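Asks: Show me the folded form of this:
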Amino acid sequence: MYRWKLLTIAIVAALTAHLLSAPAARAVPDFSFRAASDCADACHNYLGELPQIAANTRCSLSCLGCHVNPAGGGMRNAAGVRYAQRRVSTDWVAADDALVPEAGKFIRFGADLKVLSLDPDSRSEDEYRSFFVMESGAYLSIEPHRNLILVLEHDLRNSFGQYYAMIKNLPLNMYLIAGRFLVPYGLKVNDHTAFIRKGLGFDINSQDEGLLVGLNPGRPYVNLAYTNGNRGSRGFDRNDEKAVTGNLGYAHEWFHAGASYYRDPTPGQELTLLGGYGGVRAWKLSLLAEYDAIDADGGAAGIATLAQLNFFPIQGVNVMVQHELFDPDTDVDKDDHSRVSVGIQLFPMPFLELDARFRHITDYGDIPSEPKKDSGNEFVFILHGFI
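Replies: Okay, the predicted model is just below:
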């Protein structure tokens, strides 16, 4: 087991040494507001060379700038694919060699594949190591009109997905979505096991069905969703109570601030969430944070938090330190669950991410939908291919 750990660390260290020898760049991977650190070079300076992308691109620093879904994640638009090639990895692609995954003028493709290797240490009586396909999404979008796009996203291994129609390019960049989708709540960090995602019920398989309306005229954005409240369920909703999700924010070149609200009044599963989130950027550093207040069925009042500091020495390398807390009931002593992570994310080539993290976990209580765990350490390695 320890040989495997040392081998993995050696591979990551070798890749880091190679990447650090590349010329320095100011672009930053991952979250959309950080792309503003090189806004001109990331988009404006090359879109004239790619008219098929420029014609459908709107200046935005929200999730909608790179993804079809305004809540983020899933199918990437043409600008998002191009950004991934030019400003995410250390090996950026020139405009003449740019990949646009499409068939004809109206059909585009995409995919996400995440393979996890988990090695817990002292988490149980029997040590183990496991590989797991976290995500295997295949995406298809059909755009028969500049104001209409049909999106089909399906996870081939885990049998869930998003399927929706989107009316877009309305005044003030307004849009309307109908179908099955992830509701727009909080930071959509790329780790869907984060407590602010899985702990609150917004992980990768928590799609809901209903309507979403929003607008994103530039820096500000607003989303409002009206859904069944059956996150993750594919069954028919047989009650009159519906969930409401609201999300608004302002994405500036140097900071990002937003607030989210979720309310599901369904008897037996009543839940109200109120959260604030944001980030700031300076030099090669960025700080992300989110705080959520939980009012659950039965009167339990809890919190979920995340704070993450990122350092980008060069384009394609991110060193991160993260702290998370989930406390389902602040009135109950020692029922919380906390996690401290230290890791590195490498993007050695376009469309490939290598993520290695060491986590120290302190468990007093349970996380919804997760088994009870003992306190201890774990080593996580993720290979993520995407297009």
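
Asks: Going by C-alpha atoms from here, please, whenever you check contacts or count neighbours.
Replies: Fine.

Asks: For burial, what's the neighbour tally of the closest residue to Leu64 other than its chain neighbours?
Replies: Distances taken as C-alpha to C-alpha, 6 or more residues apart in numbering place Pro70 nearest to Leu64, at 4.6 Å, with adjacent residues excluded. Pro70: 24 surrounding residues under other C-alpha atoms under 10 Å.

Asks: Point out where the stretch 251-387 of the chain drops to low pLDDT.
Replies: Residue ranges of the stretch 251-387 of the chain with pLDDT under 70: 298-299, 364-375.

Asks: just the strands in it please.
Replies: Taking DSSP state E, counting those that start in this stretch, the strands of the stretch 251-387 of the chain run over residues 255-264, 271-282, 285-296, 301-311, 317-327, 337-349, 352-363, 376-386.

Asks: can you list those in CSV and add distance to Ala103 and mean neighbour count?
Replies: Converted to CSV, these look like this (distance: least, C-alpha to C-alpha, whole Å; neighbours: other C-alpha atoms under 10 Å):
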stretch, distance to Ala103, mean neighbour count
strand 255-264, 36, 20
strand 271-282, 37, 20
strand 285-296, 37, 20
strand 301-311, 37, 20
strand 317-327, 32, 21
strand 337-349, 24, 20
strand 352-363, 23, 19
strand 376-386, 18, 18
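
Asks: returning to what we had before: the residue nearest to Leu64 touches Tyr185, doesn't it?
Replies: No - using C-alpha atoms under 8 Å, Pro70 is not in contact with Tyr185, being 10.6 Å away.

Asks: if we can go back for a sec, with distance to Ser136 added, can I get the strands of the stretch 251-387 of the chain in CSV?
Replies: Below are the strands of the stretch 251-387 of the chain laid out as CSV (distance: least, C-alpha to C-alpha, whole Å):
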stretch, distance to Ser136
strand 255-264, 28
strand 271-282, 28
strand 285-296, 27
strand 301-311, 26
strand 317-327, 24
strand 337-349, 19
strand 352-363, 14
strand 376-386, 10
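
Asks: Skipping adjacent residues, who's closest to Asn147 in space?
Replies: Lys168 (4.8 Å).

Asks: Over to Phe132?
Replies: In space, Phe132 is closest to Leu116, 5.0 Å off (C-alpha to C-alpha, 6+ apart).

Asks: can you check Leu152 too?
Replies: Tyr163 (4.7 Å).

Asks: strand partners of the one helix or strand the one you found maps to, parallel vs antiparallel please.
Replies: Per DSSP states H and E, Tyr163 falls inside strand 161-170. Its sheet considered, strand 161-170 pairs with strand 148-155 (antiparallel), strand 174-181 (antiparallel) by DSSP bridges.

Asks: ok so, going back, how close does the residue nearest to Asn147 get to Ala71?
Replies: 14 Å (C-alpha to C-alpha, to the nearest Å).

Asks: Correct me if wrong, but Tyr83 is in a strand.
Replies: No - the assignment for Tyr83, made by DSSP: H, G, I helix; E, B strand; the rest coil, is helix rather than a strand.

Asks: show me what contacts Val321?
Replies: Each residue near Val321 by C-alpha atoms under 8 Å, 6 or more residues apart in numbering is listed here: Gln308, Leu309, Asn310, Val340, Ser341, Val342, Gly343.

Asks: quick one on the thing from earlier: count the residues that sit near the residue nearest to Leu152.
Replies: 20.

Asks: Equivalent analysis for the one 4 residues further on, please.
Replies: Burial of Ile167 is recorded as 17 neighbouring residues (other C-alpha under 10 Å).

Asks: can you pull the contacts of it?
Replies: Asn147, Leu148, Ile149, Tyr175, Leu176, Ile177.

Asks: Name the nearest residue to the fourth one, ignoring sequence neighbours.
Replies: Distances taken as C-alpha to C-alpha, 6+ apart place Lys168 nearest to Tyr175, at 4.4 Å, with adjacent residues excluded.

Asks: The one you found and His145 touch, don't they?
Replies: No - here Lys168 lies out of contact with His145, judged by C-alpha under 8 Å, at a distance of 9.7 Å.

Asks: and those two? which has more neighbours close in?
Replies: Neighbour count, other C-alpha under 10 Å: between Lys168 and His145, Lys168 has more, with 19 against 10.

Asks: Gly110 versus the more buried one, what's the distance?
Replies: Lys168 is 20 Å from Gly110, by C-alpha to C-alpha.

Asks: Same check on Glu143?
Replies: 14 Å.

Asks: Of the two, which one has the most company?
Replies: Gly110 (20 against 16).

Asks: residues making contact with the host helix or strand of the more buried one?
Replies: Gly110 is part of strand 107-121, with elements assigned from DSSP H and E. Residues from elsewhere that reach strand 107-121 (C-alpha under 8 Å, 6+ apart): 74-76, 101-102, 127-143, 376-387.

Asks: let's see it at 7 Å
Replies: Applying C-alpha atoms under 7 Å, 6 or more residues apart in numbering, the external contacts of strand 107-121 come out as 75-76, 101-102, 127-143, 376-387.

Asks: and Gly137, what does it touch?
Replies: Gly137 neighbours (C-alpha under 7 Å, 6+ apart): Ala111, Asp112, Leu113, Glu153, His154, Asp155, Leu156.

Asks: my bad, Phe311
Replies: Counting by C-alpha under 7 Å, 6+ apart, the residues that Phe311 touches are Lys284, Leu285, Ser286, Asn318, Val319, Met320.

Asks: Name the nearest of these relative to Tyr261.
Replies: Distance to Tyr261, by C-alpha to C-alpha, is smallest for Ser286 among the contacts of Phe311, at 24.9 Å.

Asks: partner residues bridging the closest one?
Replies: Arg281, Asn310.

Asks: Asn173 - how many residues pack around it?
Replies: Around Asn173 there are 15 residues (other C-alpha under 10 Å).

Asks: Angles on the backbone of it, please.
Replies: In terms of degrees, to the nearest 10, the main-chain angles of Asn173 are phi 50, psi 40.
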